[in-house]
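>>> Sequence below, structure please.
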Amino acid sequence: MVGTQISAQQLFRAAYENRYTWDQGFPGYTADVTYSHQGQTYTGQVKVSADLKPEVTGVADEAAQKAIHNQLFEVAIHRVRRRFEDTHGQNTFSYGKTLPDGGVEILVGGKAAGDRYHVHQNEVTLVHRHIHGVVVTIHTYSSQDTGAGYLAHQYDSVYHDPKTGEQRGGLSTFEDRYEPVGGYYLLSHRTIETTEAGKPDREEFQFSNLALLGGR
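This next block holds a predicted model:
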C-alpha cells in the first residue's frame with residue numbers, strides 16, 4: 001500500500017501543492033462575459049483585480065450580475081496560493097481505504113477532524129469538508145494539466161447538513177475550460193447543471209477577449 005512508502009500527510013501535501021494557482025505577480029484580468037440561464041442571455045464585462053476582487057459591469061439584471069460575480073469569486077478563491085502549513089498546519093492525516101481506481105482515502109484529524117479526501121495520481125479527486133455550517137462534497141472526474149499544476153475539468157458538488165446528513169439543495173455538475181493568457185490560465189467557459197427535486201437547471205458562462213491588466 002502507498003502508506004508503507006510515504007505518510008498520508010506527505011501524499012496529501014504533494015497533491016495539494018500540485019493544484020494550479022496564480023503566483024503573487026498575478027496582475028488581474030478583464031473579459032467580456034455572456035451568461036445564459038432559463039432562456040435568457042446577458043452580456044457584459046468583468047474585471048478581476050490583482051487582489052482577486054471581481055467586478056461585473058454592463059449587466060443590468062441583478063440576479064444575473066450576482067451569478068456572474070459569484071463564479072468569478074469562486075474561481076479567484078481557488079487560485080490563491082496558500083502554504084500547506086497555513087491551511088493544514090493544525091490538522092493530522094491518516095490513510096483510510098484504498099479506492100477501486102488505485103487512489104487512496106485520506107482521513108483528517110485535529111482542527112478539521114471529520115474531513116476527508118481522495119488522492120489519485122497526485123491529484124485530489126474528492127473533497128469532503130465541513131465549512132460554514134454545512135458539509136460540502138466535491139468529486140472531480142477529469143482534470144486539465146497546465147504543466148504548473150492541475151485544474152478540475154469535470155466535477156460535481158453537493159451540500160449536506162453536518163448533524164442530520166440531510167441534503168441541502170441540489171447536486172450541481174460543472175464543466176470548466178481554461179485558456180492560457182500571458183502565462184496564466186483563465187476560465188473561458190463554465191457550465192453548471194443543477195438537479196433539485198427532479199428538476200434540472202442549467203447555467204452557462206462564457207468569457208471571451210481575456211486580457212491581463214497592465215497589457216501583459
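
>>> switch to C-alpha atoms for all contacts and neighbour counts from now on
Noted.

>>> Just give me the residue right at the centre of the protein.
Residue closest to the average C-alpha location in the chain (Cα atoms, centre = their mean): H78, at 5.5 Å.

>>> Contacts only, for that residue.
With contacts defined as Cα atoms under 8 Å, 6 or more residues apart in numbering, the neighbours of H78 are T21.

>>> That one belongs to a helix?
Yes. Applying DSSP: H, G, I helix; E, B strand; the rest coil, one finds H78 inside a helix.

>>> any idea where the strands of this protein begin and end?
Under the criterion DSSP state E, strands of the chain are mapped to 29-37, 40-48, 54-57, 91-98, 104-110, 116-120, 123-131, 134-145, 150-160, 167-181, 184-196, 199-212.

>>> Would you mark the buried spots in the lowest-mean-pLDDT helix or strand in the chain?
Ranked by mean pLDDT, DSSP states H and E, the weakest helix or strand in the chain is helix 84-88, scoring a mean of 93. For helix 84-88, burial by neighbour count (16 or more other Cα atoms under 10 Å) applies to H88.

>>> Touching that helix from outside, list them.
Contacting residues not belonging to helix 84-88 are listed as 13, 16-17 [Cα under 8 Å, 6+ apart].

>>> Against Q65, how distant is the closest residue to G58 other than its chain neighbours?
Nearest residue to G58, sequence neighbours excluded (Cα to Cα, 6 or more residues apart in numbering): G44, at 4.5 Å. For G44, the distance to Q65 (Cα to Cα, to the nearest Å) stands at 9 Å.

>>> Of these two, which one has the most company?
Counted by other Cα atoms under 10 Å, G44 and Q65 do not tie: Q65 has more neighbours, with 20 against 17.

>>> distance of that one from A50?
Distance, Q65 to A50, by Cα to Cα: 21 Å.

>>> Repeat that for L126.
Distance from L126 to A50, by Cα to Cα: 29 Å.

>>> Pick out whichever of the two has more residues nearby.
Ranked by neighbour count (other Cα under 10 Å), L126 and A50 place L126 first, with 21 against 15.

>>> quick revisit: restricted to helices, list the contacts of helix 84-88.
13, 16 (DSSP state H).

>>> Can I get the contacts of helix 84-88 in a markdown table including neighbour count?
Compiled in a markdown table, the contacts of helix 84-88 are given as follows (neighbours: other Cα atoms under 10 Å):
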| residue | neighbour count |
| --- | --- |
| R13 | 18 |
| Y16 | 18 |
| E17 | 17 |
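
>>> Could I get the contacts of helix 84-88 in CSV, plus columns for pLDDT?
Output for those, formatted as CSV (pLDDT from 0 to 100):
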residue, pLDDT
R13, 97
Y16, 97
E17, 96
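
>>> Now do the closest residue to A152 other than its chain neighbours against R129, distance only.
Take A152 and drop its neighbours on the chain: the residue closest to it by Cα to Cα, 6+ apart is S143, 4.3 Å away. Noted for S143: a distance of 20 Å to R129, by Cα to Cα.

>>> So which of those two has more stuff around it?
Taking neighbours as other Cα under 10 Å, S143 and R129 compare with R129 leading, 20 against 17.
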